[in-house]
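1. The sequence isn't on hand, but the structure is:
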Ligand SMILES: Nc1ncnc2c1ncn2[C@@H]1O[C@H](COP(=O)(O)OP(=O)(O)OP(=O)(O)O)[C@@H](O)[C@H]1O
């Protein structure tokens, strides 16, 4: 029997408190067992990345956390009143429709100017409010999508391959923004990404999924785990090491100036401006 049960009395969750507790989760879709006996917890303030091959159940897991899919077995317990912000894998906005960013944020639920401005600022997109959705670059569009997810003041931010289509510096800038959001509002973040070498380095914890949890832990731990290497080979480990190595150099990040305790979210000396990505804080 499935259950979604409260884990604690309503109220402000403390830093590190469990927001989502998944125990023995099994999900069948049609005849297929997509997830089998998945047990994991998401805690306030942490950034967790889910990696895994195509079809390994990553989106299904996110949808189960969102409550869009019911467990076939096992439980998903959410902190009472948990607010979830979701950045989907794809959102098609009719590019022929005249629609400003500000108006987009009021669809389908109208939000106040103050709330829209606050969310845009947090997403590093304050200057985009009056822009047409159709004229945004990929990176700008994703920041607007992030702003939309932030409107609910989330305890948990869920991102499903949110940087698809962005170049590597653009992705790294986006994940840097996610870290800043996490620091500002103290939410937990769970995200799926195929850009392992970028996103793993920006994560506190990595969960390697292949229908079940193959391995999990700190990025370095997972990257060197035999289960992970069996799925992804050793290439990512090398890329991760290279990325950290690059970042260890004292290069000037033009106004970045963020004190990040060893996490990687910069983008090296790529030497090109990729169309309005905001690498620093716009606030
Ligand atoms: N509604 C559905 N009905 C039946 N099977 C489904 C449904 N949705 C997903 N699946 C199957 O579940 C499996 C996992 O899909 P899921 O989208 O969760 O994988 P994923 O790891 O997110 O993949 P990708 O990396 O390609 O996005 C796949 O085999 C998929 O075909």
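-> Looks like it arrived, so ask away. Remember, it's a predicted structure, so these values are computed and weren't measured experimentally. Numbers count the residues shown, from 1 in each chain.
2. only C-alpha atoms for contact and neighbour calcs from this point on.
-> Fine.
3. Tell me the secondary structure at the residue nearest to residue 126 when sequence neighbours are not counted.
-> Spatial nearest neighbour of residue 126, chain neighbours left out: residue 120 (4.8 Å); criterion: C-alpha to C-alpha, 6 or more residues apart in numbering. Classification of residue 120 using DSSP: H, G, I helix; E, B strand; the rest coil returns helix.
4. Residue 142 is in contact with residue 120, correct?
-> No - counting by C-alpha atoms under 8 Å, residue 120 sits too far from residue 142 to count as a contact (11.3 Å).
5. those helices in this protein, which residues are they?
-> Taking DSSP state H as the test, the helices found in the chain are 58-66, 101-105, 113-122, 138-150, 168-185, 196-199, 219-223, 226-232, 235-248.
6. Take those helices and lay them out in CSV including mean pLDDT.
-> Formatted as CSV, the helices of the chain follow (pLDDT from 0 to 100):
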stretch, mean pLDDT
helix 58-66, 95
helix 101-105, 96
helix 113-122, 97
helix 138-150, 93
helix 168-185, 91
helix 196-199, 74
helix 219-223, 83
helix 226-232, 82
helix 235-248, 44
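7. a markdown table for these, including distance to the ligand and mean neighbour count?
-> A markdown table is the format used below for the helices of the chain (distance: least, C-alpha to the nearest ligand atom, whole Å; neighbours: other C-alpha atoms under 10 Å):
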| stretch | distance to the ligand | mean neighbour count |
| --- | --- | --- |
| helix 58-66 | 4 | 20 |
| helix 101-105 | 26 | 22 |
| helix 113-122 | 27 | 20 |
| helix 138-150 | 18 | 24 |
| helix 168-185 | 17 | 21 |
| helix 196-199 | 12 | 24 |
| helix 219-223 | 17 | 21 |
| helix 226-232 | 13 | 16 |
| helix 235-248 | 16 | 16 |
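8. Flag every buried residue along stretch 92-111.
-> 99-105 (16 or more other C-alpha atoms under 10 Å).
9. which ones are touching residue 65?
-> Residue 65 is in contact with 20, 76, counting by C-alpha atoms under 8 Å, 6 or more residues apart in numbering.
10. Apart from its neighbours in sequence, what residue is nearest residue 163?
-> residue 171 (5.5 Å).
11. I figured that neighbour hits residue 177, correct?
-> No - Residue 171 is not in contact with residue 177 according to C-alpha under 8 Å; the separation is 9.8 Å.
12. where do the contact lists of the two overlap?
-> By C-alpha under 8 Å, 6+ apart, residue 171 and residue 177 have no common neighbours.
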